[in-house]
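**Student:** Quick one: sequence and predicted model below, then my questions.
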Amino acid sequence: MPTTISTHTTSEQLNAQATTMKAIVQDQYGSADVLHLQEVDKPEVGDDDVLLRVHAAGVHIGDWHVMTGEPRLMRIMGFGFRAPKARVRGMDVAGTVESVGKNVTRFQAGDEVFGICDGSFAEYACARADKLAPKPTNLTFEQAAAVPTSACTALQALRGPGEIQAGQRVLINGASGGIGLFAVQIAKALGADVTGVCSTTKMDMVGSIGADHVIDYTKDDFTRRAQRYDLIIDMVGNRSLSQLRQALTPKGTLVLVGGEGGDRWIGALSRSMRALVVSPFVSQRLRPVLGAANPQDLEFLKRLIEAGKVRPVVDRTYPLSEVPSAIRYLTEAHARGKVVITVRAAAAAPEGMTVAGVASRN
């Protein structure tokens, strides 16, 4: 009996064969209005790269900085003087490996991964193999996409210049933000007594993720309290160095995270520079940090997540076409957790995993 050969092509095969894709692009700096959904060429995988089928992409304040080109120092540093060099926006990613470059041995087609790349607000993206790690098995793609930049920054602030030790009193200023929510959980997992500072409406959320104490900054100034902390992680920039030092123990450490605040030219760099100048002349350690995802930290976070010690808090998900709305929502400071872009229809959460706190935009 003759063998019948099927001529049907699945949608997955068609996608793999396509040479173009949908992506969010920008050709000039500006507000979210400069972002547009377009059909562009599908990226080609380099020798040291991994081509990903993007399932979800995380949104964070770094996307806003690249979109607006501010602080202006970023343009001089290589992001593009008059317009972004990289047209497709998005950095944090979770997806499946489509193909790998000839020098890549850590991954193969079909692997589920998370990490950072250039251009995650798209159906496909290329990432360096050393910027990815296997996706935590107990997370959806949306949850995994919320992790890379924010969680790695929190981890590096705590373990790097923070040199966190079990039993220390740690204060997280900006505990309800994208980095802060991870900083609270990681500090707790590393054995610290954790105090989170946030607004009234977000106190319950910060308490629910494990903070031992929560301070409402609209009613209470932690720098005027009698309590002193061994380590302060500051993401907000709403207190001067002298005020923050008042809340430290004599040998305590202050870590300044991120680039918020300051002027449009150098942003918060001026405060970081002042901290480095002052630090050698005082008993306390004052250090800035700019986090960057790497496979070692992603693997460490994966273990914490799979052990149930850290969980991403996702506030809203938006479809790819609504990236401008997602960025507007993020910058309005109303988010109760991370904002995520769903690029590909997601599967249900793994068995036994609840997706508490995740709300769809639609």
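**Tutor:** Nice, I can see it.
**Student:** Tell me which residues of stretch 93-111 come out buried.
**Tutor:** Under the neighbour-count criterion of 16 or more other C-beta atoms under 10 Å, stretch 93-111 has 93, 94, 95, 96, 97, 98, 99, 100, 101, 104, 107, 111 buried. Where C-beta positions appear, they are placed from N, C-alpha and C, glycine not excepted.
**Student:** next one: stretch 192-205
**Tutor:** Quick answer for stretch 192-205 (16+ other C-beta under 10 Å): 192, 193, 194, 195, 196, 197, 198, 202, 203, 205.
**Student:** can you tell me which of these are in helices?
**Tutor:** Residues from those lying in helices, with DSSP state H as the criterion: 203, 205.
**Student:** Redo the buried residues of stretch 192-205 as TSV? Include distance to residue 323 and pLDDT.
**Tutor:** Listed next are these as TSV, based on distance: C-beta to C-beta, whole Å; pLDDT from 0 to 100:
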residue	distance to residue 323	pLDDT
192	36	98
193	39	98
194	33	98
195	35	98
196	29	98
197	30	97
198	26	95
202	24	95
203	30	96
205	25	96
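**Student:** quick revisit: now the two most distant members of the buried residues of stretch 93-111.
**Tutor:** Greatest spatial distance in these: 94 and 101, 19.9 Å, computed using C-beta to C-beta.
**Student:** nearest to residue 144, of the buried residues of stretch 93-111?
**Tutor:** Closest to residue 144 out of the buried residues of stretch 93-111 is residue 94 (3.9 Å), distances taken as C-beta to C-beta.
**Student:** which other helices and strands contact the strand or helix carrying the closest one?
**Tutor:** In this assignment (DSSP states H and E), residue 94 forms part of strand 92-100. If contacts are counted by 3 or more C-beta pairs under 8 Å, 6 or more residues apart in numbering; DSSP states H and E, strand 92-100 sits against strand 49-59, strand 112-116, strand 124-128, helix 141-145, helix 148-159.
**Student:** Of the ones you listed, give the one that comes closest to residue 316.
**Tutor:** Closest among the helices and strands packed on strand 92-100, using C-beta to C-beta: strand 49-59, at 9.4 Å.
**Student:** need the contact list for residue 298.
**Tutor:** Residue 298 makes contact with 114, 115, 132, 133, 147, 148, 152, according to C-beta atoms under 8 Å, 6 or more residues apart in numbering.
**Student:** separation between residue 170 and residue 153?
**Tutor:** Residue 170 sits 16 Å away from residue 153, taking C-beta to C-beta, to the nearest Å as the criterion.
**Student:** export the helices and strands packed on strand 92-100 to TSV and tack on mean neighbour count?
**Tutor:** Formatted as TSV, these follow (neighbours: other C-beta atoms under 10 Å):
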stretch	mean neighbour count
strand 49-59	27
strand 112-116	25
strand 124-128	24
helix 141-145	28
helix 148-159	26
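**Student:** Would you format the ones you listed as CSV with mean pLDDT included?
**Tutor:** Output for the helices and strands packed on strand 92-100, formatted as CSV (pLDDT from 0 to 100):
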stretch, mean pLDDT
strand 49-59, 97
strand 112-116, 97
strand 124-128, 97
helix 141-145, 98
helix 148-159, 96
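**Student:** which stretch among the ones you listed comes nearest residue 36?
**Tutor:** Closest of the helices and strands packed on strand 92-100 to residue 36 is strand 49-59, at 16.2 Å (criterion: C-beta to C-beta).
**Student:** Could you export the closest one as PDB, CA atoms only?
**Tutor:** Extracted C-alpha coordinates of strand 49-59, given in PDB (Å, rounded to 0.1, in the frame of the first residue of the first chain):
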ATOM      1  CA  ASP A  49      24.000  33.900  19.500                       C
ATOM      2  CA  VAL A  50      20.700  32.200  20.200                       C
ATOM      3  CA  LEU A  51      17.700  32.900  18.100                       C
ATOM      4  CA  LEU A  52      14.600  33.000  20.300                       C
ATOM      5  CA  ARG A  53      10.900  32.600  19.500                       C
ATOM      6  CA  VAL A  54       9.700  35.300  22.000                       C
ATOM      7  CA  HIS A  55       6.800  34.200  24.200                       C
ATOM      8  CA  ALA A  56       6.900  37.200  26.600                       C
ATOM      9  CA  ALA A  57       9.000  40.300  27.200                       C
ATOM     10  CA  GLY A  58       9.300  42.300  30.500                       C
ATOM     11  CA  VAL A  59       9.000  46.100  30.600                       C
END
